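S.K.: Return a 3D structure for these sequence lines:
(one chain, ligands or ions: 1)
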Amino acid sequence: MWKPRTIALDLGREDILKDLTAVSDSLEIGLLVNNAGVSTVGPFLNLTADQLVKQLYVNARAGLILAHHFGKKMVERKRGGIIFLSSASAMCGRPIAPTTQEQKAYNLIIAESLWYELGRHGVDVLGFMAGSTKTPGWDANAPKPNRFVKVMDVKSTVAEALVALGNGQV
Ligand SMILES: NC(=O)c1ccc[n+]([C@@H]2O[C@H](COP(=O)([O-])OP(=O)(O)OC[C@H]3O[C@@H](n4cnc5c(N)ncnc54)[C@H](OP(=O)(O)O)[C@@H]3O)[C@@H](O)[C@H]2O)c1
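M.R.: Below is the predicted model:
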């Protein structure tokens, strides 16, 4: 019977592979979803440089390291999938959340690049530009009252990502 395994891991840490590989090395990881993200809304200069770097580590560096680690094994097996969470807001900068957009743009571009490079070896890669989706993070940052016309539910957003995987780079 299929048994999930979990590991609590701070992706803002310097060494993220050590504890993870202790759990994952014996498994065939078929799909990597680089979903974890931190979104800080507020003036750029209100955050310390350390906070900004930690955010960068979680939002971009972790996905890069994980895609390299698991992507290598997927290419050897000639199959697998990697999803990088980008965002509908990745296409331009905007004030009060400058680092989040920039890191979502990074995820989009690296996904496009790897889609081509790893795709030739049977590994599907997707840069997923999620729209507004009702999650705890969205609730915490959404303007109140909510003036968004539509917010997607998590199930629909996830379904769109999985359908899109293997059908184009973005
Ligand atoms: N919701 C939206 O409207 C929307 C739109 C576009 C893109 N996205 C992207 O979708 C992804 C998920 O967002 P969400 O809305 O679900 O956000 P969320 O509700 O705030 O959830 C963030 C997730 O990231 C994990 N995380 C945060 N910091 C971490 C760290 N240092 N190490 C390990 N895990 C960490 C959290 O784990 P814990 O629960 O353990 O803290 C949580 O599971 C993000 O990449 C976000 O940028 C979301």
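
S.K.: What pairs with whichever strand or helix holds Phe128, parallel or antiparallel?
M.R.: Assigned by DSSP states H and E, Phe128 belongs to strand 123-130. Paired with strand 123-130 in the same sheet, following DSSP bridges, are strand 80-87 (parallel).

S.K.: Flag every buried residue along the next helix-or-strand element following the partner strand.
M.R.: Following strand 80-87 in sequence order, the next helix or strand is helix 98-119 (DSSP H and E). In terms of neighbour count (16 or more other CB atoms under 10 Å), helix 98-119 has its buried residues at 99-101, 103-108, 110-112, 114-115, 118. No exception for glycine: its C-beta is placed from N, CA and C like everyone else's.

S.K.: where's the dip in pLDDT among these?
M.R.: By pLDDT, Thr99 ranks lowest within the buried residues of helix 98-119, coming in at 75.

S.K.: For it, which residues are in contact?
M.R.: Thr40, Phe44, Leu47, Leu52, Gln55, Leu56, Asn59 (CB atoms under 8 Å, 6 or more residues apart in numbering).

S.K.: Just say helix, strand or coil for the fourth one.
M.R.: So the one you mean is Leu52. Secondary structure, DSSP: H, G, I helix; E, B strand; the rest coil: Leu52 is helix.

S.K.: any idea how far it lies from Val38?
M.R.: To Val38, Leu52 is 10 Å away according to CB to CB, to the nearest Å.

S.K.: For this structure, which helix or strand comes out least confident on mean pLDDT?
M.R.: helix 136-141 (a mean of 88; mean pLDDT, DSSP states H and E).

S.K.: rewinding a little: among the contacts of Thr99, name the buried ones.
M.R.: For those, buried by 16+ other CB under 10 Å: Thr40, Leu47, Gln55, Leu56, Asn59.

S.K.: Could you work out the most separated pair of the residues you listed?
M.R.: Greatest spatial distance among the buried ones among the contacts of Thr99 (CB to CB): Leu47 and Asn59, at 13.4 Å.

S.K.: How about stretch 131-148 and the ligand, any contact?
M.R.: Yes. Shown here: stretch 131-148 in contact with the ligand (CB under 6 Å from any ligand atom) through Ser132, Thr133, Thr135, Pro136, Gly137, Trp138.

S.K.: and of these, the nearest to the ligand?
M.R.: Gly137 (2.2 Å; CB to the nearest ligand atom).

S.K.: My read is that the closest one contacts Ser39, right?
M.R.: Yes. Applying CB atoms under 8 Å, one finds Gly137 in contact with Ser39, separated by 5.9 Å.

S.K.: So between these two, which is more surrounded?
M.R.: Applying other CB atoms under 10 Å to Gly137 and Ser39 shows that Ser39 carries more neighbours, namely 18 against 12.
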